[in-house]
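A.B. asks: Model the structure of this input:
(one chain, ligands or ions: 1)
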Amino acid sequence: MNGNLGKFITFEGGEGSGKTTVLSRLSDMMKEQGSSFMITREPGGIEIAEKIRTIILDPVNTAMDGRTEALLYAAARRQHLVEKVIPALQQGIHVFCDRFIDSSLAYQGHARGLGIQHILSVNSFATEGTMPDQTFYLDIEPEKGLARIEANQGREVNRLDLEGLAFHHKVREGYHLIAESFPERIVIIDADRDIETVVNDIKGHLSLTLKGFRG
Ligand code: TYD
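C.D. replies: This next block holds a predicted model:
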């Protein structure tokens, strides 16, 4: 619970899980319903954080140390939160965010082996304890997610896409561990279904979380 007027809803998942498509569908729906909402993404969402994003994701930065990577994500998260997310929530705007703290817990904490608890404490400093009201984790086998990315020629390839399949399996395993730790916040959505079904599933949950939202 963030204690603000707007709800903070985050979307998580491995590569090719369909977050971006789902968010654009939800955006159309929220507009139709005249809801006050904002869609943003991590790492990025505002100028300083977008600059940090280009450093983190640049495929030439192969020398980047795991802790450096974790700290840069936390720094980008902090700036995005105070500059964009919290002011919106305080005005009663619902914020839908493509990735948040759970990405760091799954990718840096579990898959990179830095430790979920360590990454949680670095991020607690960055966020001062702000957590999403609800998180949708779009779950798909890495083989299927990566195959979707290959089929989607328009998408940029980033440094984390270049990791091997074993890394992406660790990411998924990490998400499942985190979901077990936060069962009241994280909803696991089976993303290996057609987009219509996935969106309807999420709509059903949202109608319980967002007052006045028609699912
Ligand atoms: P992006 O192009 O946004 O990928 P996607 O469309 O899959 O969200 O790149 C974000 C990448 O950064 C993605 O591989 C996940 C990774 N990431 C982390 O490792 N830790 C984090 O805290 C965040 C926010 C992202």
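A.B. asks: drop to CA atoms for contacts and neighbour counts, all remaining ones
C.D. replies: OK.
A.B. asks: doesn't residue 52 make contact with residue 72?
C.D. replies: Yes. Using CA atoms under 8 Å, residue 72 is in contact with residue 52, at 6.8 Å.
A.B. asks: tell me, how many neighbours does whatever residue of the chain ends up closest to the ligand end up with?
C.D. replies: Among the residues of the chain, residue 104 lies closest to the ligand, at 3.5 Å counting by CA to the nearest ligand atom. Residue neighbour count, defined by other CA atoms under 10 Å, stands at 25 for residue 104.
A.B. asks: quick one: it from residue 12, how far?
C.D. replies: Distance, residue 104 to residue 12, using CA to CA, to the nearest Å: 11 Å.
A.B. asks: next one: residue 67
C.D. replies: For residue 67 relative to residue 12 (CA to CA), the value is 21 Å.
A.B. asks: Next SSE downstream of the biggest helix by length in the chain?
C.D. replies: Assignment by DSSP state H gives helix 165-181 as the longest helix of the chain. Where DSSP states H and E defines the elements, the next helix or strand beyond helix 165-181 is strand 186-190.
A.B. asks: Pull up the pairing partners for that next one, direction included.
C.D. replies: Applying DSSP bridges to the sheet, strand 186-190 is found paired with strand 134-139 (parallel).
A.B. asks: Extract the CA atoms of the partner strand and return them as CSV.
C.D. replies: Only the C-alpha atoms of strand 134-139 are listed here, as CSV (Å, rounded to 0.1, in the frame of the first residue of the first chain):
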residue,chain,number,x,y,z
GLN,A,134,-0.5,-4.7,-7.1
THR,A,135,2.0,-6.4,-9.4
PHE,A,136,1.2,-8.6,-12.4
TYR,A,137,3.9,-11.1,-13.2
LEU,A,138,3.5,-12.3,-16.8
ASP,A,139,4.9,-15.8,-16.7
